[in-house]
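with the input below, show me the fold.
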Amino acid sequence: MPTTVEWIYVALFAAAWPLYEHAIEWPRFLRRLRVTPELARLGQYRSIIVFQWVLTAAGLTLWARSGRAWSGVGLAAPEGWRLWLSVALVLVMSTINASNIAAVVRSAKARARLRPRLASVDAIVPHTPRELAGFWPVSLTAGFCEEFLFRGFLVWALTPLLTWWGAVAASAVVFGLGHSYQGVPGAIRAGAVGLAMALIYGLTHSLMAAVVLHALIDMGSGLVAWIALRPEESADAATSGSAPAPETSGAVATA
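Numbers count the residues shown, from 1 in each chain. A predicted model of the protein is given here:
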């Protein structure tokens, strides 16, 4: 069972942080965005990176001081068939990313169909090369930090109260609410991705695959959005094909 300090920590990142993000930080970011879009996005990316790593460092410190095995929060390498499953999942996600990127690069129609789907995340996804470069560290940060916080620490803390399946469901709901700035559809997509990551964690007995997959999803979504949102005169000249619009994940790493 978690200690009192660990419950306070859980309340901080699972309740207080999403509420602060939704009620204070996101509206403030949108106000800055109207004045200086690129500076606002880059500043928000830095804020996400710093805040998530501070929270994660606190959790890692608490866990290290407890003397528990790191496998309790998924920080252990998968073994045997679970390792091969992890590798296979990463390869599949990499293939999906490559397919999505190729589709939007070569097809103006695919980009046009995709833009309305990006409306809920248009404020936070990268629009310029400088923003795209700043988005990569956000994706890597979210991959590790959010998996440790929501699939590792939160599931561990809630399992004695709710069973593992109940803890996974609660974690998915919390993760979805953390993306409520994307609207109801975005929050539902994020919750679904969180549930999928938890199931992968359960199958592999390790967060490693979920960490890499989460980062790949965010990096792929960010790159696809950047390509789709560029002015058409800047896009690849060979864009008259009929490739289908890619299915981007709504779980951009901005919880």
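
dump the helix or strand of the chain with the lowest mean pLDDT to PDB, restricted to CA.
The helix or strand of the chain with the lowest confidence, counting by mean pLDDT, DSSP states H and E, is helix 17-20 at a mean of 87. Taking C-alpha atoms only, helix 17-20 is exported to PDB below (Å, rounded to 0.1, in the frame of the first residue of the first chain):
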ATOM      1  CA  TRP A  17      -2.200  18.800 -12.100                       C
ATOM      2  CA  PRO A  18      -5.000  18.100 -14.600                       C
ATOM      3  CA  LEU A  19      -7.300  20.600 -12.900                       C
ATOM      4  CA  TYR A  20      -4.500  23.300 -13.000                       C
END
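
list the contacts for Pro160?
Pro160 makes contacts with Met1, as judged by CB atoms under 8 Å, 6 or more residues apart in numbering. For glycine as for every other residue, the C-beta is placed from the backbone atoms N, C-alpha and C.

from Met1, how far off is it?
Using CB to CB, to the nearest Å, we find Pro160 at a distance of 5 Å from Met1.

kindly report the same for Pro27.
37 Å.

do Val193 as well
Distance from Val193 to Met1, by CB to CB: 29 Å.

can I assume Gly222 is in contact with Ala142?
No - counting by CB atoms under 8 Å, Gly222 stays clear of Ala142, with 10.5 Å between them.

pLDDT wise, what is Arg117 at?
We have a pLDDT of 88 for Arg117.

go on, His22?
Taking His22 on its own, its pLDDT is 85.

and Leu19, how many neighbours?
12 (other CB atoms under 10 Å).

how many residues are close by Arg31?
Residues lying near Arg31 (other CB under 10 Å) number 10.

ok now the strand or helix carrying Ala64, how far from the chain's centre?
Assessed by DSSP states H and E, Ala64 sits inside helix 37-66. Centre-to-centre, helix 37-66 and its host chain are 13 Å apart (CA atoms, centre = their mean, to the nearest Å).
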